Each structure stands twice: as structure tokens, then as C-alpha cells.
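[1] What would the 3D arrangement of this be:
(chains A and B)
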Amino acid sequence: MFYREAGQFYTTYAKDQGIFQLKQDKYGLWGLLFFAFLVVPIGLYLLVQGGVMAGTTKDYLYNSILLLLLVNCMAAMGLNILTGYCGQISLGTAAFMGVGAFTAYKFSTGMNYRVQKEDNAGELVSTLVPILPQIDNPIALILLAGAVTAIVGVLFGLPSLRIKGFYLAVATLAAQFFLVWCFSRVEWLYDYTSSSTIQIPLLKVLSFIETGTITFGMPDGSTKAVSVSGFLVAGSETLKVPDGAKTIVSASGFILTDFSKALSSPDASRAVTGETFRIYPVPETKYIFSLAIVVVFAFIMKNLVRGRIGRAWMAIRDMDIAAQLIGIRPLATKLLAFAVSSFFCGVAGAMLLIFYLGALEGAEAFNINESFSILFMVIIGGLGSITGSFLGAAFITLTPIILINVQPAISDVFQDKALVEHIQFMVFGALIILFLIMEPLGLSRLWQIAKEKLRQWPFPY
Amino acid sequence: MGEILEFIFAPILIFESWRFGMEVVISGLLAGVMYSLVALGFVLIYKASGMFNFAQGVLVLFAALNLAGFIGLGVPIPLAIILTIGIMILFAIVVEYLILRHLVNQEQIILFMATIGLAFFLSAFGETIWGSEVKKLDVGIPQGRFEPFGIQIQYLELTAGAVAAALVICLAIFFNKTKIGRALRAVADDHQAALSVGINLRTIWIIVWAVSGIVALVAGTMWGAKSGVQFSLSEIALKALPVLILGGFESIPGAIIGGLIIGLGEKLAEVGWGPYVGGAIEDWFAYILAMVFLVFRPQGLFGEKIIERV
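    Take a look at the predicted model:
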């Protein structure tokens, strides 16, 4: 009754080709964006302020659920371009994400390389020499990560002209295993640390991190305080309390500190000069940034797939020989799909490092199970659908979290930690099979059915 | 220049000491036989149902877990083997009943995803029943090694080779000489034609899954005797994938020869090039080898020629 096209006329061609054919869809999307950008952060903030929700719960929501969800949405969109729209199965998504993460890391630290020299005592001394200025703008890092990953993706996409279907899937496993091997064996990638871990440095946008000392009008006139202000997006850093400061007071802007640790001594007159404190971004900043990136890329993707390029991809997917006959160049089209898909995956990987994890170990974070879970997202969400990518990412991300949270209830019954973990896996596997049997076209198909039903409501047909 | 040449020909240079070279070749070939055993199960199911069974690796683990579990309970070995075979047959029936018959006519990728879900389920299920600690599996394969011409060969590896040969002969007889075997080949050739001459597709699926379950048991026994029964078995089984694409998805001899090439290639590469680049290139060498190979021969060594029509 409320959701139908009656009364909506297209008077220009531009309108006829609009993304949303129904005003309701358009308003729905605006509403959703409004909700995600404003209602969620402000609402959660108010809930915490009002004492309804614990501050740690809010941080858990952002840091463990929402940020992961956004990263997975991004990766699922990337894979959906390749598998859903262009029909090329890939099992190397996680590795491409890894390329993005490591690119972001190398650019953010200035592309260090190691110089080893013998010192006077004849021992080898190694120093890291940067070749580029460090980039501390997350947007620039993310775009660079996407670009480099796109190049790597095209390299591994080259065989796709000759190989199809499962043969190609196994060939992409080569990318998966080779790249992950690089992440733990090529020392240059992780700046020669022994643990092969990478950690993103402080990233900021628009503004500055300022730490300074302020002299207070204390009776003795000597007490100084530290203030930190700025607009911090990612990373965290340990700072030293500047000389002469005795008490630390303020942090303003989008920044969090753990001053309290530096001030652990109850003796207020104790000099805190030289002590350290950490600064890190508020989770809201990370959330808004990730969300904005995902929205922008979803918009780009939507316009790509409904234009000439997307139609060429779908033609290749549906029947590549026929597509060739109508003048679509298969190599260029497939490679473009690999490039764009890898770009998205690279961005997702950079987001994973910058916003979600902060520090990670390449071989562990981007192993083959990660590739599979992203493939699951795409399949369960629905191949060839952007909405599907989001729904699938939500399903695969949230199911384990829900299972973990009902775990206490199960643990009471079974008392065995390993067993509970196994039960989780079994439930997950069974859910996936059940889903494929009940709705092989994915959640996006359910969404479509719901919309059709809604159009006819309250009439049966 | 000399160093570059030395690097390029490193895998060949190990034959400077021919005994060492031969040991590498033999252990590579026998590792290849192990991969082939896993790949065989894939091929059987792919031929009969066009299903890319990702769970085959976990099936290997599951079979080995059951066997090791029964032996651990004190069941005599022959009885334990029979019990495990019974479980694999029961498993085939359950899979057909709960999954396969509901997924008839679905796209291949959906079937593939379903087997990944099955893999998740089965590995957790097996470990729930039998526990997740590493188990020893001793079914009476002689340990130790012997040394003809000063080349060391493990008895276990020889046994694996012999068992693989026996298995392939059995499968060949089963496929070519029995009525069920003929039905299987008919299904592999053309589903609809097979249905129209009265072959029951569902029975065929159960048989194929049961047979590949038994093949998995053989593979699991060999791997388990070599390195213990543990979760990583199912990951080693991933190596069967490059074997498959090298040999062709539909070909049993392809699985064997592909396995030998992969096993030999990656051992030579590891010993030859590994030290130059930091080792562990076994992890990916097989995949890159298979990928490069595919570029020149997209259907694999023995795969059916891909004919495309519009």
C-alpha cells in the first residue's frame, strides 16, 4: 500500500535512469545513512552518558563488531565484483587484503629498508632508512593500498583468460599461499621485526596532535600541566610528559588518553616529568571514517555495475564466448574486474589494519580461512548484489559473535571449553548448509521477495 | 652471472651428490603418492556428480580419527577398519539424505560452498567425538628404513606406494568390470542419459561418496601413520588441489601422475631453492607450478578437452 510506484512519473531520461526507481527506496537509503552516521554514534553516546549502557559495552560494540562488520562489507563488495558480477571464482581474497594492509603499513612508515654496516668493533649494525616521507593521512594510505593491490590482482588475474571455473579457483589459491608466505618471509615487508608483526603508526586528518605544557596559576607558580588535543583517526602512540610538567589535566578533540596510568601515584606533588602516556583515537572517529569509506565505495560500485563496464562483466559471466562475439574483449574486461575487485579488497585490508586491528601478523590475519569466510559472505548474501554483500557480511560476522555470546549458557551444560568451540563450528557449518539448501540465491533474494510482497500488500497478488 | 646460474639450476645441482639427489627424488615421489591418495577421492566425486568436494580433506581426517579412536579403545585392528568403513558408508548415506538430494540441479559453486560447510561441520564433529589431541595411528606398518645402494628409504613410504598401486588397480577393476562401475561411468558421461536407462542417481551418489570415504580412509591411514592424526591433516589435504588441476579433475591416472609431479617438484624446489629465499617454499610451490602449467594446458594433463559452444 505504501511501497509502490503509483503516482511517481519519470519526466526526464535522467530520472528514468536513476539508481532508485522508487522514492521509498531513496528515502529508505537516506534514512539508513542518517541512522548509521548520526543516530548510532550519538545514541550510543547518550546511552552511555545516561548510564544505561556501560562505556566498555560501547567500545566493544564499536571495536569488535561494527568496525569488523564494515571491513567485511568492503571485502565482500570486492569479491562480489569478481565472483558475482564477472563470474571468476577467487579463493585468494584474504591475500589481496593482506597486500593492502602491508602497502598501507609500508607507506605509513616511509618504505624503510635496512642498511647493515660494520661498526668499529666489527659487529653488524643495522639501521632502517626511509626512502619516502611518511604518510599519515589515512585516506591517502587507503587509496595507495587499493592501487598497489589492484596491480598485484591483475598479475594473478592474467591466467584467467585461459582458465575457468574451479581450475581458476585453484589457481587463485596460488596467490593466497604465495602472498601469505611473503608476509612472513620477506623481512622488508614488516621492517625486519622478529615477530613479523606490523603496527600502524599514528594517523591523523585535517588537524594536529598537539601536546604542550600550560603553566597553572598554582601558589608556587611552578606546577605545569599537559594538554593534548587534535583529531586522531588511527594508530596509537606512547608520548612522554614534557619537561617540567607535574600534573596532567586535559585531552580535547577526537582523542583518548590513558593519563590516569601516568598519574597512578596518589602523591600529587610528585613530578611526572618523563613518564609516559598513550594517546589513541576515540572509536567513534574510526567508525565514522570506515563507514564513510564503505559508503563511498558502495556508491562507486553501484555506478560501475549498472554502467557499460558492469554490463560487460555480466556478459562475460553469463557466457564468455557470446560476450566475445558481441565485441567485448575478454582479457581487458576480466583484468579490469580483477583490478577493481583487488582495489576494493586492498582498501578492506588497509581498513582492517588501520581501523580494526591496529597491529597484526600477516600470516595469521590473512590465512585461507579468511578467504573462505569472505566467499561465504558473498554466496550467502547473494552473488551479483551489493545489498547482498552487506547482508552476507552481516550474517557471517554476527553469527559467530552471537554464538560466542550464548556460549556461557552452553558452557554451563558442557563444562568443556574445546567442546564448546567445536559446537560453534558445527553450528556454523550446519547453518551454512541449511542456508544453501533453503535459499541458494542468498539473502538478497529474500530481500527481493520481501520487497515484491510489500508492493502488493495488503493484496495477495 | 655464475651465482644466478647456480640459483636457477639449484634443484639440479643437488644431484652432485647422487645419493642425496636420489633420496630427495624418492621422498618427493612418495609424498606425491600421498597427495594422489587424497586427490583420488576428489576425482571420484567430481566424476560422478560434478561436485567439487572440498570436504575430501576433512573426510581423510575424519576417517583417520575414527580408526585411531577405535584402536585407542582397544578394538582389534581388522575390526576397527571394518567399523570405520561402516561409518564412512553410513556417512555417505547421511550426506546424500540430508544434503545432496536437496541440492540437485544447483549451480556448481553452491555445491562447492555446501561442501565447505560440510568440512566445517565434520572436522568439529570428529574432534568432538574423539578429542583434538594428536593421536598415534599404528596399524602394523613396519617402521624404520632400509638402504639399498646407500639410499635411505622409509618402509612407510614404500608401503604407501604399494597401497596406492593396489588401490588404483582395485578402482580400475571396480570401474571397468562391475555393474556398479559401469553405472558410475555412465553417470559421469551424461547424467540424463544415465537416468533414462534406469540408473538410480541417488544410489550412485551414495556409492561414490562411500567409495571416496574408503579411499579417504586409506589416505588417512597412511598420513596418520606418517605424522600422527591431527587437525593439520585436513590442511595437508589442500595440496591435493594443485594435484587435481595438474592431472585434470576427471582423470584417475591424472591424479596419480599429477601427484607424482607435484610431490617431486616441490621437494626438488624446496631443497634446491629453499635455502636461497628463506625456506618453506613447499607451502606455495605446488600451486604456482600448477598455475603456470594451466596457462599452457587449461584442462590439465589428462582432463577432458574443454569444448565450448555458444
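
[2] CA only for contacts and neighbour counts going forward, please
    Will do.

[3] State the number of residues packed around B:Leu195.
    For B:Leu195, the neighbour count with other C-alpha atoms under 10 Å in any protein chain shown is 14.

[4] Return the residues in contact with A:Pro400.
    A:Pro400 sits next to A:424, A:428 when contact means C-alpha atoms under 8 Å, 6 or more residues apart in numbering or on different chains.

[5] what separates it from A:Glu421, distance-wise?
    In this view, A:Pro400 and A:Glu421 are 10 Å apart by C-alpha to C-alpha, to the nearest Å.

[6] Which helix or strand in chain A has the lowest average pLDDT?
    helix A:259-262 (a mean of 57; mean pLDDT, DSSP states H and E).

[7] Now do the very next helix or strand once past that one: distance to the chain's middle.
    Per DSSP states H and E, the first helix or strand lying C-terminal to helix A:259-262 is strand A:276-280. Computed by C-alpha atoms, centre = their mean, to the nearest Å, the separation of strand A:276-280 from the middle of its chain amounts to 24 Å.

[8] Strand A:276-280 pairs with which strands, parallel or anti?
    Strand A:276-280 pairs in its sheet with strand A:237-240 (antiparallel), strand A:256-257 (antiparallel), by DSSP bridges.

[9] Dump these to CSV, plus mean pLDDT, distance to B:Leu98 and mean neighbour count.
    Converted to CSV, the strands paired with strand A:276-280 look like this (pLDDT from 0 to 100; distance: least, C-alpha to C-alpha, whole Å; neighbours: other C-alpha atoms under 10 Å in any protein chain shown):
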stretch, mean pLDDT, distance to B:Leu98, mean neighbour count
strand A:237-240, 75, 54, 15
strand A:256-257, 70, 53, 20
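
[10] A:Ile321: which of the ones you listed is closest?
    Checking these against A:Ile321 by C-alpha to C-alpha gives strand A:237-240 as the closest, at 55.1 Å.

[11] Give me the residues contacting the closest one.
    For strand A:237-240, the external contacting residues (C-alpha under 8 Å, 6+ apart) are A:201-202, A:273-280.

[12] Can you say which two of those residues are spatially most distant?
    A:Pro201 and A:Thr273 (23.9 Å).

[13] Now do the SS call for B:Leu195.
    Assigned with DSSP: H, G, I helix; E, B strand; the rest coil, B:Leu195 falls in the helix class.

[14] Find me the pLDDT at it, would you?
    pLDDT, B:Leu195: 84.

[15] if I look at the residue nearest to it when sequence neighbours are not counted, how far off is chain A?
    Computed as C-alpha to C-alpha, 6 or more residues apart in numbering or on different chains, the closest residue to B:Leu195 that is not its neighbour in sequence is B:Leu201, at 6.8 Å. Distance, B:Leu201 to chain A, using C-alpha to the nearest C-alpha, to the nearest Å: 19 Å.

[16] what's the spacing between B:Leu201 and B:Ile252?
    With the distance defined as C-alpha to C-alpha, B:Leu201 ends up 21 Å from B:Ile252.

[17] Pick out whichever of those two has more residues nearby.
    Remark: of B:Leu201 and B:Ile252, B:Ile252 carries more neighbours, 25 against 19, as counted by other C-alpha under 10 Å.

[18] show me the contacts for the more buried one.
    Per C-alpha under 8 Å, 6+ apart, neighbours of B:Ile252: B:40, B:43-44.

[19] show me what contacts B:Tyr276?
    Applying C-alpha under 8 Å, 6+ apart to B:Tyr276 gives the contacts B:Phe7.

[20] tell me which parts of the stretch 101-250 of chain B are close to chain A?
    B:102-103, B:106, B:110, B:113-114, B:116-122, B:124-125, B:127-128, B:241-242, B:245 (C-alpha under 8 Å from any C-alpha of the partner chain).

[21] Restricted to buried residues, select the contacts of strand A:237-240 in PyMOL.
    Listed next is the PyMOL selection for buried residues among the contacts of strand A:237-240, using 16 or more other C-alpha atoms under 10 Å in any protein chain shown:
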select buried, chain A and resi 201+202+273+275+276+277+279+280
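
[22] which residues does B:Asn53 contact?
    B:Asn53 makes contact with B:42, B:45-46, B:112, B:115-116 under the criterion C-alpha under 8 Å, 6+ apart.

[23] Just put the strands paired with strand A:276-280 in TSV and tack on distance to A:Gly146.
    Listed next are the strands paired with strand A:276-280 as TSV, based on distance: least, C-alpha to C-alpha, whole Å:
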stretch	distance to A:Gly146
strand A:237-240	25
strand A:256-257	29
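
[24] For B:Ile199, give me phi and psi.
    Main-chain torsions, B:Ile199, degrees, to the nearest 10: phi -90, psi 130.

[25] Can you give me the neighbour number for it?
    Around B:Ile199 there are 18 other residues, counting by other C-alpha under 10 Å.

[26] where along the stretch 101-250 of chain B do the helices fall?
    Here the stretch 101-250 of chain B has its helices, by DSSP state H, counting those that start in this stretch, at B:108-130, B:155-177, B:179-189, B:191-196, B:201-227, B:232-236, B:240-247.

[27] Could you check the angle the helix or strand following the last one makes with helix B:155-177?
    Per DSSP H and E, the first helix or strand lying C-terminal to helix B:240-247 is helix B:252-277. An angle of 150 degrees separates the directions of helix B:252-277 and helix B:155-177 when computed by axes from the mean of the first three to the mean of the last three C-alpha atoms, to 10 degrees.
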